[in-house]
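Visitor: sharing a model prediction with you, sequence too.
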Amino acid sequence: MRLVLLLLFALDGAVGAKESVDLSHALDLAAKRLQDGQAQGALSLLISQSPPTGEDEKSKKLSRRYHTLVGLAYLKLSQFPKALESLELALQAGPPEPLLYVYLAQTYFRLGRFQDTVAAIESAQAVVDQYPGLYEIKAQSLWQLHREEEAFATLDQARQKFPENLSFLRRQLAYLLEKRLYHQASALGLELLRLQDSAQDYATLGNALRLQGELELATHVLEQGRLRHPQDLTLAKLLAHTYLAREMPLAAAWILEQAAQFDANLYADAAELYRRAKDYTRALFLNAQVPEVKAQRRQRVALLLALERYDEVLAMHRALDRVGLLAEDAVRYALAYAAYRAGRPKLVEGYLDAISDPQIFRQAAELRRLLKECADQPWHCQ
């Protein structure tokens, strides 16, 4: 066994020695590892080699390739300062290939050096059309440099060259939203949606308009999206939030009720919105369909209190106890209040005694005061 291990170490040393001597072979192997997604393996191999230092053309060419591969490995590992250091060494080793500028542009961009990013992309002009993402990187760099018109022109150029790539249109849409040009953004967004009927794009545009307070435009976009994608829950929730922001709780409740057919967990939210809209009958109907027992019973107590059906609240005592809700101070206070309003003062103290939450304790103190007033002056509580 010891002999086998010695032979393995000897073979490993021989391979390492060969890779040190044959740098060209090592570079080919590192390039293959990078291509296979083994950036760390490629880097380990490369740093085990000594970069050529000669001044002849062959040494310079090897040096340029060596530093380029090291830089690319660091770039893939998101070690951007080290990547830049190696790529700039490659740049100094002689006339670079245009692809080197592509790597430099990516690295400069990651480091927030936007002016250098634009310059590198312009130096890579010969191959830029092979890498559509460079157009977006350039546009974002120009935008960061407050050269907005050039950024839009870059994206327009990219859209003409790559009409099937919708990322450039999405980027223009994001810029319009950032500049609060909502009507232009809405028009561009609808153009995007005509080209690709995506529920996510409807949601992104509608939510952006909603967050910026453009509620009517947001409603228009989200309604269209919901008609196209009736089972998409994100669109339904965003549309409900938009109607709620427009103080239209009944419309919001109806939207969530429809969505609850695909996700029963939404019945509780729909019931709550019907309660806000004071449609208690519908709220109670939907509450009965809430799948989570604690949430269903907790909400039912609130609905019955709103309807002033206090005896029914008190009748839920055992049902609430079975699921552990009587341990919640808010539920105990609700039962105490129902007992007070139902004219059953003996029950009130029993529910109030165990309350410890400071805020609810203050409410309990007020209820005790009212109860005492009723005892002292019963005609006030008739």
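Guide: Here it is on my side, so go on.

Visitor: how is this protein partitioned into domains?
Guide: 19-96, 314-382 (automatic domain parsing).

Visitor: and Leu181, which of those domains is closest to it?
Guide: domain 19-96 (33.2 Å; C-beta to C-beta). Heads up, the C-betas are built off the backbone N, CA and C, glycines and all.

Visitor: redo the domains of the chain as a markdown table? Include mean neighbour count and mean pLDDT.
Guide: Listed next are those as a markdown table, based on neighbours: other C-beta atoms under 10 Å; pLDDT from 0 to 100:
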| stretch | mean neighbour count | mean pLDDT |
| --- | --- | --- |
| domain 19-96 | 17 | 83 |
| domain 314-382 | 15 | 82 |
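
Visitor: for the host helix or strand of Val301, which positions count as buried?
Guide: Using DSSP states H and E, Val301 maps to helix 293-306. Within helix 293-306, the residues scored as buried using 16 or more other C-beta atoms under 10 Å are 296-305.

Visitor: tell me what it is packed against?
Guide: helix 267-276, helix 280-287, helix 310-314, helix 317-322, helix 329-341 (3 or more C-beta pairs under 8 Å, 6 or more residues apart in numbering; DSSP states H and E).

Visitor: any chance of the buried residues of helix 293-306 in TSV, plus pLDDT and distance to Pro345?
Guide: Listed next are the buried residues of helix 293-306 as TSV, based on pLDDT from 0 to 100; distance: C-beta to C-beta, whole Å:
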residue	pLDDT	distance to Pro345
Gln296	94	29
Arg297	95	25
Arg298	93	25
Gln299	95	27
Arg300	95	24
Val301	94	20
Ala302	92	23
Leu303	94	24
Leu304	94	20
Leu305	92	18
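
Visitor: gap between Gln200 and Pro163?
Guide: 20 Å (C-beta to C-beta, to the nearest Å).

Visitor: repeat for His317
Guide: Taking C-beta to C-beta, one finds His317 at 67 Å from Pro163.

Visitor: go on, Gly343?
Guide: Distance from Gly343 to Pro163, by C-beta to C-beta: 75 Å.

Visitor: pLDDT score for Leu5?
Guide: pLDDT recorded at Leu5 is 31.

Visitor: before we move on, what about Thr281?
Guide: Thr281 carries a pLDDT value of 91.

Visitor: Asp263 and Leu233 touch, don't they?
Guide: Yes: applying C-beta atoms under 8 Å, one finds Asp263 in contact with Leu233, separated by 5.6 Å.

Visitor: in a markdown table: the helices and strands packed on helix 293-306, plus distance to Thr68.
Guide: Formatted as a markdown table, the helices and strands packed on helix 293-306 follow (distance: least, C-beta to C-beta, whole Å):
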| stretch | distance to Thr68 |
| --- | --- |
| helix 267-276 | 56 |
| helix 280-287 | 64 |
| helix 310-314 | 75 |
| helix 317-322 | 70 |
| helix 329-341 | 65 |
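
Visitor: of all these, which one is nearest Ala83?
Guide: helix 267-276 (48.0 Å).

Visitor: now the angle from that closest one to helix 280-287?
Guide: 170 degrees (axes from the mean of the first three to the mean of the last three C-alpha atoms, to 10 degrees).

Visitor: picking up where we left off before, run through who's touching the helix holding Val301.
Guide: Contacts to helix 293-306, defined as C-beta atoms under 8 Å, 6 or more residues apart in numbering, come from residues 268, 271-272, 275, 280, 283-284, 287-288, 290, 310, 312-313, 316, 319-320, 323-325, 328, 331, 334-335, 337-338.

Visitor: try it again with 7 Å
Guide: 268, 271-272, 275, 280, 283-284, 287, 290, 312-313, 316, 319-320, 323, 325, 331, 334, 338 (C-beta atoms under 7 Å, 6 or more residues apart in numbering).

Visitor: residue contacts, Asp197?
Guide: Contacts of Asp197 by C-beta under 7 Å, 6+ apart are Arg228.

Visitor: with the one 10 residues further on instead?
Guide: Taking C-beta under 7 Å, 6+ apart, we find Asn207 in contact with Leu238.

Visitor: before we move on, which element is it in?
Guide: Per DSSP H and E: helix 199-211 holds Asn207.

Visitor: state the next helix or strand along the chain beyond that helix.
Guide: helix 215-228.

Visitor: elements contacting that next one?
Guide: The helices and strands touching helix 215-228, judged by 3 or more C-beta pairs under 7 Å, 6 or more residues apart in numbering; DSSP states H and E, are helix 182-195, helix 199-211, helix 233-245.

Visitor: report the angle between it and helix 233-245.
Guide: Here helix 215-228 points in a direction 150 degrees away from that of helix 233-245 (the same axes, to 10 degrees).

Visitor: name the surrounding residues that touch helix 215-228.
Guide: Contacts for helix 215-228 (C-beta under 7 Å, 6+ apart): 182, 186, 189, 197, 199, 202-203, 205-206, 209-210, 235-236, 238-239, 242, 245-246.

Visitor: recalculate using a threshold of 6 Å.
Guide: Contact partners of helix 215-228, identified using C-beta atoms under 6 Å, 6 or more residues apart in numbering, comprise 186, 197, 202, 205-206, 209-210, 235, 238-239, 242, 245-246.
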